[in-house]
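Q: sequence and computational prediction follow.
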Amino acid sequence: MQFDWMVQCYAGAGVHRDTPMLKTVDRDTVMNGVDTAVDAGLEGLWAPDHFMLGPKAEEYEVWTLLSALAERTDDVDIGSLVGSITYRNPALLAKMATTVDILSEGRLRLGLGAGWHEEEHHAYGFDFPDIETRIEMLEESVRIAKAMFTEDVPTFRGDHFSIDEALNNPKPVSEPYPPIVIGGAGPRMLRLIARHADEWNVEISARARGKPIEFKVKKFDDYLENEGRDPDDVERSWLAHVLVREGETAVEEAVDDIFPLPWGEESDMEDQQLTDAEDARDRGSMLIGTPSQVATQIEGIRDLGFDKLQLMFLDFPDTHTMELFGDDVVPEFQ
């Protein structure tokens, strides 16, 4: 299995579930986390595509951050998890992705999704069409990106986007192009992912909505076969929160420091809470416990067919969990 860090580049300040212990965002804290993740043996660095998450709305922009990560690291994957196609013209996005792929010498993984944060769209002046329209926009964006990555004189005309001889030189280093990672788990999204993606990502809220994840895994395999693709050819990744301590007493103490936490997306966090470790494991699929307990939870994820985890460490900017995970959990899967 591969273990990556979902770079926690926005301040949760005791409220946001993803970075509850991070009070403010600053360069040294984030870059120390990056260096620690690499030293701990994590193999990828991902960043979210938002502008104003958390109670302070302190957050770094994803593509600017990925450019810095390309220069700071040598041999880990870097990627957006996931980029909203509503925030950037797809031709510009393809050019940006190509540049980061070149700067990283072929380490970029292009994560894309349909977007969800309505308040953020309105604040920044972006249109926020209905989900069916956003999925159509996502498919056209993927087609434009692939064309610009591979064709000498790419041209495309769709219902939402078009390009006309949109030259993209030099081309990406990755062959034939940076792997496309698409996040989502609804039926229409799964069909789109089966058609276009090199990696399927399932984040927390996608697992919580609708049918159980076991059902979604089975349907995804069916959709891949319908597209004439081998299910083994598409990687599967799982975004998860994690908290690890050496013993159960230390786990309980850390949980008491962090919980309760709001649960859900920004729009409905006020209405739901995760109260303790058991609640966080059951409703949030959070990986909490001693190294052996967390390893057992990960085995269950692996048994579902997911071979990669992108992790958010609940105690960050403390790097205790990150280091302990690298020392005592990662070796169990090598």
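A: Great, that's in hand.

Q: below-threshold pLDDT in the stretch 201-334 of the chain: ranges please.
A: Within the stretch 201-334 of the chain, the stretches with pLDDT under 70 are 264-271.

Q: let me see the ranges of the strands in it.
A: For the stretch 201-334 of the chain, applying DSSP state E, counting those that start in this stretch gives strands covering 235-244, 261-262, 273-274, 287-289, 308-313.

Q: of all those strands, which one comes closest to F51?
A: Proximity to F51 (CB to CB) singles out strand 308-313 among these, at 18.5 Å. To be clear about C-beta, it is placed using only N, CA and C from the backbone, and glycine gets the same treatment.

Q: pull the residues that contact the closest one.
A: Outside strand 308-313, the residues that touch it by CB atoms under 8 Å, 6 or more residues apart in numbering are 1-6, 8, 18-19, 42, 44, 46, 81, 199, 201, 235-243, 287, 298, 301, 319, 321-322, 325.

Q: quick revisit: and of the strands of the stretch 201-334 of the chain, who's closest to L66?
A: Using CB to CB, the nearest of the strands of the stretch 201-334 of the chain to L66 is strand 308-313, at 14.3 Å.

Q: compute the inter-axis angle for that closest one and strand 235-244.
A: 30 degrees (axes from the mean of the first three to the mean of the last three CA atoms, to 10 degrees).

Q: can you map out the helices along this structure?
A: Taking DSSP state H as the criterion, the chain carries its helices at 27-39, 62-72, 90-103, 118-124, 131-150, 187-196, 204-208, 213-226, 248-258, 277-284, 291-303, 320-324.

Q: mean neighbour count and distance to F51 for the ones you listed - can I get that in JSON lines?
A: Shown next, in JSON lines, are these (neighbours: other CB atoms under 10 Å; distance: least, CB to CB, whole Å):
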{"stretch": "helix 27-39", "mean neighbour count": "17", "distance to F51": "16"}
{"stretch": "helix 62-72", "mean neighbour count": "18", "distance to F51": "9"}
{"stretch": "helix 90-103", "mean neighbour count": "21", "distance to F51": "15"}
{"stretch": "helix 118-124", "mean neighbour count": "14", "distance to F51": "6"}
{"stretch": "helix 131-150", "mean neighbour count": "20", "distance to F51": "17"}
{"stretch": "helix 187-196", "mean neighbour count": "20", "distance to F51": "23"}
{"stretch": "helix 204-208", "mean neighbour count": "17", "distance to F51": "19"}
{"stretch": "helix 213-226", "mean neighbour count": "16", "distance to F51": "29"}
{"stretch": "helix 248-258", "mean neighbour count": "15", "distance to F51": "25"}
{"stretch": "helix 277-284", "mean neighbour count": "16", "distance to F51": "24"}
{"stretch": "helix 291-303", "mean neighbour count": "16", "distance to F51": "30"}
{"stretch": "helix 320-324", "mean neighbour count": "20", "distance to F51": "26"}
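
Q: turn the ones you listed into a markdown table, columns for distance to M52.
A: Listed next are the helices of the chain as a markdown table, based on distance: least, CB to CB, whole Å:
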| stretch | distance to M52 |
| --- | --- |
| helix 27-39 | 17 |
| helix 62-72 | 13 |
| helix 90-103 | 20 |
| helix 118-124 | 6 |
| helix 131-150 | 19 |
| helix 187-196 | 24 |
| helix 204-208 | 18 |
| helix 213-226 | 29 |
| helix 248-258 | 23 |
| helix 277-284 | 23 |
| helix 291-303 | 31 |
| helix 320-324 | 26 |
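
Q: burial of L53, as a residue count?
A: 20 (other CB atoms under 10 Å).

Q: and it, what does it touch?
A: Y10, H16, D18, E59, H117, E266.

Q: nearest to A206, of the strands of the stretch 201-334 of the chain?
A: From these, taking CB to CB, the stretch that ends up closest is strand 235-244, at 8.9 Å.

Q: tell me the angle of the closest one relative to helix 291-303?
A: Using the same axes, to 10 degrees: strand 235-244 against helix 291-303 is 160 degrees.

Q: from the chain's centroid, how far away is strand 235-244?
A: When distances are taken as CA atoms, centre = their mean, to the nearest Å, strand 235-244 is centred 9 Å away from the chain's centroid.

Q: that strand packs against which elements?
A: Contact partners of strand 235-244 among helices and strands, from 3 or more CB pairs under 8 Å, 6 or more residues apart in numbering; DSSP states H and E: strand 199-202, helix 204-208, helix 248-258, helix 277-284, strand 287-289, helix 291-303, strand 308-313, helix 320-324.

Q: buried among the contacts of strand 308-313? Make that a PyMOL selection.
A: In PyMOL, this line selects whichever of the contacts of strand 308-313 come out buried by 16 or more other CB atoms under 10 Å:
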select buried, resi 1+3+4+5+6+8+18+19+42+44+46+81+199+201+235+236+237+238+239+240+241+242+243+287+298+301+319+321+322+325
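
Q: no further questions, thank you.
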